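S.K.: generate a structure from the sequence data that follows.
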Amino acid sequence: MDPELLERITARRAELDELEEQLVKQLAEVRADRDELAVAERVLERMSEQVADGRASAAPAPGQVGGRAVMLIPHRTPDMDETMLPPDYQRILGVVRQAAGPVMARQLGDALGIDVSVRSKLEPLRGKLVRLVDCGRLRKLPDGRFTTRLCPAPPPGTVRRGRNRGVADGRWNCVTKTKKHAEDPCPLVYQCRLPLSTRTVNHLAGLLRRHLEVIGSRWWILPPGKIAVIVLAVLRHDQRLADMAGGNNVSESTVRRWRNELIALLAAQAPRLDRTPKKVVRQGGEVVLIDGTLIATQRRTGKADRRNYSGKHQRQGLHFLALTNEKGRLIWISAARPGRTHDNTAARHDRILAHLRAAGLGALADLGFRGLGNDVLDPVIVIGFHASRTHKLTPGQKTANHVLAVGAPPSNTASPSSRTGGPSPTSAPAPPTPPTSCAPCSS
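M.R.: Numbers count the residues shown, from 1 in each chain. Got it, this is the predicted structure:
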């Protein structure tokens, strides 16, 4: 065999082997790059799915309320666009934004082409406006108008007419009366002590918890104990609903609903007048005490508060009628009536004489109930004798008055005002002094 040809074959084989090694290396690199591309593709798909899920959760999803599908409106956040809202809400925001100032619901309905003369078509629009206010996209003024921005201040140098004219920059320096909490980017929240026992809070929380279980409520924005504290603060310290709502991140309508529900639950537990006398008889009682009392309230403006003025106590309040047992413990209390109501009038409206006579009970009362029981042969209510300038009491009548005063414990000790530390109904009540640490920060 030719040595030169054999040498060429060997050299060519060596070149092919080297080329094969290079191709194997390139093939491995290509496969590695392809695997990396597949991994990157899977990661991109997962990221796209997460973004899609985030958009779907942020987008308004239909919910079930009372068996009907409703559109849930997301709350306003800095990174959320208005395109996430349903088209109807977007058109409402556009019309309100294009308006020259705050608009009413009827004006907005005219701009959207809704027949505002039909109530069934106007109320859904009003409900959408309220939802936009709750989620922070609109602002409702005290007069019922809606706007997306604060009302502009008057130009400097504007002269105002009225009690604040001449003030610099034409600003008002008086305290305005509003139901909205302060519009401030940094709201102030303060703490306040309630002079109530833990047993009271636990009792209200238990009532609300059982009520929510009965109606089948599955979602609570706050626990029942917190709701009870909020309602007690509203009832005890007369806090504004908007202030309590702003301090607890809920709406004003929610606090109002909590207050009405708890008042209804407490009223349902009140003893009934047709059952209370029979219960006293079963326990061996023979007589009850009846008395009226006035719970002092704040004076409201206008003629509507005249009926709450009591000429006897010389102030505004609400009248209550109470029944106590022989030991002076409260066993029944009537509903609130205007402060000008007389004790006899309240007793006649509640038919106290009929209930006591049906149960076979007697009652002791003060001179304010004179003329209530006209049956001389079978009296139900026993009162003392009244002296005047022309009619003096005899020694026997004085002795009878003394016996009644000594034998009957003071029923005023069981009145609501004395139980809560308030004024006594036998003296002119003084207006309650608000705590110095409870001044509303948003006024």
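S.K.: low-confidence stretches in the stretch 1-150 of the chain?
M.R.: Per-residue confidence for the stretch 1-150 of the chain (pLDDT under 70) gives these ranges: 1, 53-81, 149-150.
S.K.: try 50 this time
M.R.: Per-residue confidence of the stretch 1-150 of the chain (counting by pLDDT under 50) places the weak regions at 65-66, 150.
S.K.: now do the host helix or strand of residue 227: which elements does it pack against?
M.R.: With elements taken from DSSP states H and E, the one containing residue 227 is helix 224-237. Packing partners of helix 224-237 (3 or more C-beta pairs under 8 Å, 6 or more residues apart in numbering; DSSP states H and E): helix 198-215, helix 241-247, helix 252-268. Bear in mind the C-beta positions are built from the backbone N, C-alpha and C, glycine included.
S.K.: among those helices, which is the most enclosed?
M.R.: The densest packing among the helices and strands packed on helix 224-237, expressed as mean neighbour count by mean count of other C-beta atoms under 10 Å, is seen in helix 241-247 with a mean of 21.
S.K.: now for it, which elements pack on it?
M.R.: Judged by 3+ C-beta pairs under 8 Å, 6+ apart, helix 241-247 is in contact with helix 224-237, helix 252-268.
S.K.: only alpha carbons, please: show that helix as CSV.
M.R.: Taking C-alpha atoms only, helix 241-247 is exported to CSV below (Å, rounded to 0.1, in the frame of the first residue of the first chain):
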residue,chain,number,x,y,z
LEU,A,241,-72.1,59.1,63.2
ALA,A,242,-69.7,60.4,60.6
ASP,A,243,-66.9,60.9,63.2
MET,A,244,-67.4,57.3,64.6
ALA,A,245,-67.4,56.0,61.0
GLY,A,246,-64.2,57.8,60.1
GLY,A,247,-62.4,56.6,63.1
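S.K.: can you classify residue 298 as helix, strand or coil?
M.R.: The three-state label for residue 298, taken from DSSP: H, G, I helix; E, B strand; the rest coil, comes out as coil.
S.K.: nearest to residue 135, of the helices and strands packed on helix 241-247?
M.R.: Ranking the helices and strands packed on helix 241-247 by proximity to residue 135 (C-beta to C-beta) places helix 252-268 first, at 13.4 Å.
S.K.: quick one: the helices in the stretch 51-200 of the chain?
M.R.: With DSSP state H, counting those that start in this stretch applied, the stretch 51-200 of the chain shows helices at 87-98, 105-112, 119-134, 198-215, listed in chain order.
S.K.: run through who's touching the longest one.
M.R.: It stands for helix 198-215. Applying C-beta atoms under 8 Å, 6 or more residues apart in numbering, the external contacts of helix 198-215 come out as 220, 223-225, 227-229, 231-232, 261-262, 265-266, 269.
S.K.: pick out the lowest-pLDDT one from these.
M.R.: Comparing pLDDT over the contacts of helix 198-215, residue 220 scores lowest. The value there is 73.
S.K.: how far away is residue 286 from residue 277?
M.R.: Relative to residue 277, residue 286 is positioned 11 Å away (C-beta to C-beta, to the nearest Å).
S.K.: tabulate the helices and strands packed on helix 241-247 (a markdown table), appending distance to residue 121.
M.R.: Shown next, in a markdown table, are those (distance: least, C-beta to C-beta, whole Å):
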| stretch | distance to residue 121 |
| --- | --- |
| helix 224-237 | 35 |
| helix 252-268 | 22 |
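S.K.: any idea which of those gets closest to residue 372?
M.R.: Put simply, out of these the one that sits nearest residue 372 is helix 252-268, at 26.2 Å, with distance taken as C-beta to C-beta.
S.K.: tell me which residues are up against the closest one.
M.R.: Helix 252-268 is contacted by residues 130, 179, 204, 207-208, 211, 221, 227-228, 230-231, 234-235, 241-242, 244-245, 248 when judged by C-beta under 8 Å, 6+ apart.
S.K.: at 7 Å what do you get?
M.R.: When contacts are defined by C-beta atoms under 7 Å, 6 or more residues apart in numbering, helix 252-268 is touched by residues 204, 207-208, 211, 221, 227, 230-231, 234, 241-242, 244-245.
S.K.: and residue 335, how many neighbours?
M.R.: 13 (other C-beta atoms under 10 Å).
S.K.: and the helix or strand harbouring residue 20, what does it pack against?
M.R.: In the assignment (DSSP H and E), residue 20 maps to helix 3-58. Using 3 or more C-beta pairs under 7 Å, 6 or more residues apart in numbering; DSSP states H and E as the contact definition, helix 3-58 packs against no other helix or strand.
S.K.: distance from the chain centre to that helix, please.
M.R.: If you compare the mean C-alpha spot of helix 3-58 with that of the full chain, they lie 68 Å apart, counting by C-alpha atoms, centre = their mean, to the nearest Å.
S.K.: so which residue is dead centre in the protein?
M.R.: With the centre of the chain defined as its mean C-alpha position, the nearest residue by C-alpha atoms, centre = their mean is residue 255, 1.4 Å away.
S.K.: distance of that one from residue 334?
M.R.: According to C-beta to C-beta, residue 255 stands 28 Å off from residue 334.
S.K.: and the nearest residue to residue 350 once chain neighbours are set aside, what pLDDT?
M.R.: Leaving aside its chain neighbours, residue 350 sits nearest to residue 334 (5.7 Å; criterion: C-beta to C-beta, 6 or more residues apart in numbering). Residue 334 carries a pLDDT value of 88.
S.K.: so residue 334 makes contact with residue 349?
M.R.: No: applying C-beta atoms under 7 Å as the test, residue 334 and residue 349 come out as separate, 8.5 Å apart.
S.K.: of these two, which one has the most company?
M.R.: For residue 334 against residue 349, the residue with the higher neighbour count under other C-beta under 10 Å is residue 334, and the figures read 19 against 13.
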